[in-house]
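In: My questions concern the predicted model and sequence given below.
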Amino acid sequence: MKTVRNYVAVVLILLWGLAPFYWMLVTAFRDKNHTFSANPLPSHVTLENFQDALATDGGNNFLRAIGNSLIVGAATTFIALIVGVFTAYALARVDFRGKGLVTGVILAASMFPGIALVTPLFQLFSNMGWIGTYQALIIPNISFVLPLTVYTLTSFFRELPWKLEEAARVDGASRGLAFRTVILPLAAPALFTTAILAFIATWNEFMLANQLSNGQTEPVTVAIARFSGASAFEFPYAATMAAGAIVTVPLVIMVLLFQRRIVSGLTQGGIK
């Protein structure tokens, strides 16, 4: 009976989480004249909505927006991993004065509301002439994903056996060499997990990107919000759903393919 309840709970959670995604796909492949059809099954299937999403004659350039998101996401993830891995190693392995304060500051940064940063960042980057540049999008995203990176890697490093690193030090390796040859290979699952989570968080960011980007650097989230219909009184729901499918399906496939690595990276830090 308990097993049945568990399966029922899992099914309900899946339906709750995947139902909006399923409806987005159904609407994306449905003829725009039947956008508001209540039929839950795919009907009037067409690829015209995807053509509209990728078209540039309406002032949209969705392919360029995808490229911008890839650039911002890759740069943010790379920098956050580089900084985060050394910070996490220091917090987990090195005893220094003020370590608790550093940990508290990182936690406070992760809890700070992003909406409160929009105005000061806009003013700062306007004075610097950075509005509409990639660095104006990358730097704030780093501040958002870095706490996640540090905490995920710190918990993992703390559970790694000290004897492996000590053995390398006894054999004559420096702390840096032991870190590169022993710790980093063992931390590969956590690094992989953190990279995926950081990239997805950056890919989905909209609030700051909407204010700090322009037509040349806007990511996919802003580009979708700017979709326009044939007239000012028409909203392109079907094309918007098609664009959402284009940017969401690859992420879903990536998570499904690497779900074991993601779960492994998130749980190994809490298991001795």
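Out: Received, thanks. Quick caveat, the model's predicted, so the values are computed rather than measured.
In: Return the distance of whichever strand or helix holds Gln123 from the chain's centre.
Out: Per DSSP states H and E, Gln123 falls inside helix 118-128. Taking CA atoms, centre = their mean, to the nearest Å, one finds helix 118-128 lying 24 Å from the centre of the chain it belongs to.
In: ok, now stretch 148-156?
Out: 16 Å.
In: Then stretch 87-102?
Out: 26 Å.
In: any residues touching that stretch, and which ones?
Out: Contacts with stretch 87-102, where a contact means CB atoms under 8 Å, 6 or more residues apart in numbering, come from 103, 106, 146, 149-154, 156-158, 165, 179, 183. The way it works is simple: take the backbone N, C-alpha and C, and place the C-beta from them, glycine included.
In: Identify the residues contacting Trp203.
Out: Contacts of Trp203 by CB under 8 Å, 6+ apart are Ser69, Gly73, Pro219, Val220, Thr221, Val247, Leu251.
In: how about the nearest residue to the first one, chain neighbours excluded?
Out: Nearest non-adjacent residue to Ser69, counting by CB to CB, 6 or more residues apart in numbering: Pro219, 4.1 Å away.
In: wait, what's in contact with the one you found?
Out: Taking CB under 8 Å, 6+ apart, one finds Ala65, Asn68, Ser69, Val72, Leu137, Trp203, Glu205, Ala209, Ser213 in contact with Pro219.
In: For the helix holding Gln123, which outside residues touch it?
Out: Contacts for helix 118-128 (CB under 8 Å, 6+ apart): Ile131, Thr133, Ala136, Pro140, Met207, Leu208, Gln211, Leu212.
In: Tell me which two of the residues you listed sit farthest apart.
Out: Thr133 and Met207 (17.7 Å; CB to CB).
In: circling back to that earlier point, distance of the residue nearest to Ser69 from Thr240?
Out: 15 Å (CB to CB, to the nearest Å).
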